[in-house]
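Engineer: A predicted structure for the sequence below; I have some questions about it.
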Amino acid sequence: MNQLVRCINCNKIFLKTPFDLWPEYDSISNRSPESFRSIEKDDFQEFSRNHRGHRLENMQIIEDSFISEKAYAEPIKISYFKATNGKESFVIKKFREKIDQPLTYQLIAGDYFLKCVGIEIQPKEIAKQLEAEFKAAPLPQNEMVAFLSLYQQVVKILDIKNLERVPDESPHPLEVYYKLNDVGLAYLLRNCRNIFKGERYLDIEEFIHRHKDEGVLLLKATYQIQVSEKAPSKKKAISAQISSKNKKMMEIE
């Protein structure tokens, strides 16, 4: 079972896992390529030695708080999650700079939130779907372009707060898909009458209703991770200063 441990004195973080006790294997020189020696490891004991005399505390990871700047399968990335000691909540930054390096955990006093930096349609996917479904009677290029342009205009009048999120649609944690709401749907259908006439309009109307809740007519929102660090309280700062002064006085004596 994994356990997050914090050194209170220096705010270093260690994540205890069953893998901490896994040995390393090193090839033995002057032997066959198949010859290896086992090197016993205990990563947490090394952490404990480095923080001997310090106060350690267990922290609880807050469920569903994990977020990453890249796809979850990407090995080299920066991720964040939240943890608490029961009194305070913290942000934990998890990262590695090279594939062969161990993960580093950094404690941040503060919080993070996701900021939407853009919302867009899926023009290539929409065009491809329209071509596939209207193969018997293809849309003229000017009508295709006009429809895509209209849908882009619809996005500009929508507030993302009023859209329903589609769960588990994107492999990227910072790309979220939303359904077109009733306001956007009404605007889109009404203005499609200026582009398509007669039976063609009825076909487009069916196309919109068929794909508005899933697939190519979903709207893609892109987010950024915003981390807000909290300045240490005056009480803690004064306590740290007093501790530092007492240490210097002891050294002088």
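Structural biologist: Arrived safely, thanks for sending.

Engineer: those helices in the stretch 51-200 of the chain, which residues are they?
Structural biologist: Taking DSSP state H, counting those that start in this stretch as the test, the helices found in the stretch 51-200 of the chain are 123-133, 141-156, 182-192, 198-211.

Engineer: any chance of these in JSON lines, plus mean neighbour count?
Structural biologist: No exception for glycine: its C-beta is placed from N, CA and C like everyone else's. JSON lines is the format used below for the helices of the stretch 51-200 of the chain (neighbours: other CB atoms under 10 Å):
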{"stretch": "helix 123-133", "mean neighbour count": "15"}
{"stretch": "helix 141-156", "mean neighbour count": "15"}
{"stretch": "helix 182-192", "mean neighbour count": "15"}
{"stretch": "helix 198-211", "mean neighbour count": "14"}
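
Engineer: Indicate which one of those is closest to L107.
Structural biologist: Across the helices of the stretch 51-200 of the chain, L107 has its closest neighbour in helix 141-156 (39.0 Å, CB to CB).

Engineer: Specify the beta-bridge partners of the closest residue in space to S170 that isn't next to it in sequence.
Structural biologist: Leaving aside its sequence neighbours, S170 sits nearest to Y177 (CB to CB, 6 or more residues apart in numbering; 5.9 Å). With DSSP bridges as the criterion, the beta-bridge partners of Y177 are V166, K220.

Engineer: Q106 is nearest to which of the helices of the stretch 51-200 of the chain?
Structural biologist: helix 141-156 (37.1 Å).

Engineer: what's that closest one packed up against?
Structural biologist: The contact analysis (3 or more CB pairs under 8 Å, 6 or more residues apart in numbering; DSSP states H and E) places helix 141-156 against strand 110-120, helix 123-133, helix 182-192.

Engineer: Report the angle between it and helix 123-133.
Structural biologist: With axes from the mean of the first three to the mean of the last three CA atoms, to 10 degrees applied, the angle from helix 141-156 to helix 123-133 works out at 130 degrees.

Engineer: which residues are contacting the one helix or strand Q226 maps to?
Structural biologist: Using DSSP states H and E, the element containing Q226 is strand 219-229. Contacts with strand 219-229, where a contact means CB atoms under 8 Å, 6 or more residues apart in numbering, come from 67, 69, 80, 91, 93, 108-122, 155, 158, 160, 163, 170, 174-180.

Engineer: rewinding a little: turn the helices of the stretch 51-200 of the chain into JSON lines, columns for mean pLDDT and distance to Q3.
Structural biologist: JSON lines is the format used below for these (pLDDT from 0 to 100; distance: least, CB to CB, whole Å):
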{"stretch": "helix 123-133", "mean pLDDT": "97", "distance to Q3": "44"}
{"stretch": "helix 141-156", "mean pLDDT": "96", "distance to Q3": "45"}
{"stretch": "helix 182-192", "mean pLDDT": "97", "distance to Q3": "47"}
{"stretch": "helix 198-211", "mean pLDDT": "96", "distance to Q3": "46"}
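
Engineer: If burial is judged by neighbour count, which of the contacts of strand 219-229 pass?
Structural biologist: Among the contacts of strand 219-229, those buried by neighbour count (16 or more other CB atoms under 10 Å) are 67, 69, 80, 91, 93, 108, 112, 119, 121-122, 155, 158, 163, 174, 176-180.

Engineer: Out of the helices of the stretch 51-200 of the chain, which gets nearest to K12?
Structural biologist: Taking the helices of the stretch 51-200 of the chain one by one with CB to CB, helix 141-156 is closest: 45.4 Å.

Engineer: what residues does that closest one touch?
Structural biologist: Contacts for helix 141-156 (CB under 8 Å, 6+ apart): 119-121, 123, 126-127, 130, 139, 180, 184, 187-188, 191-192, 195-196, 200, 204, 217, 219.

Engineer: returning to what we had before: quick one, the strand holding Q226 and helix 141-156 angle?
Structural biologist: 30 degrees.

Engineer: Could I get the buried residue list for strand 219-229?
Structural biologist: 219-221, 223, 225.

Engineer: nearest to H54, of those?
Structural biologist: Once CB to CB is applied, the member of those that ends up nearest H54 is I225, at 30.2 Å.
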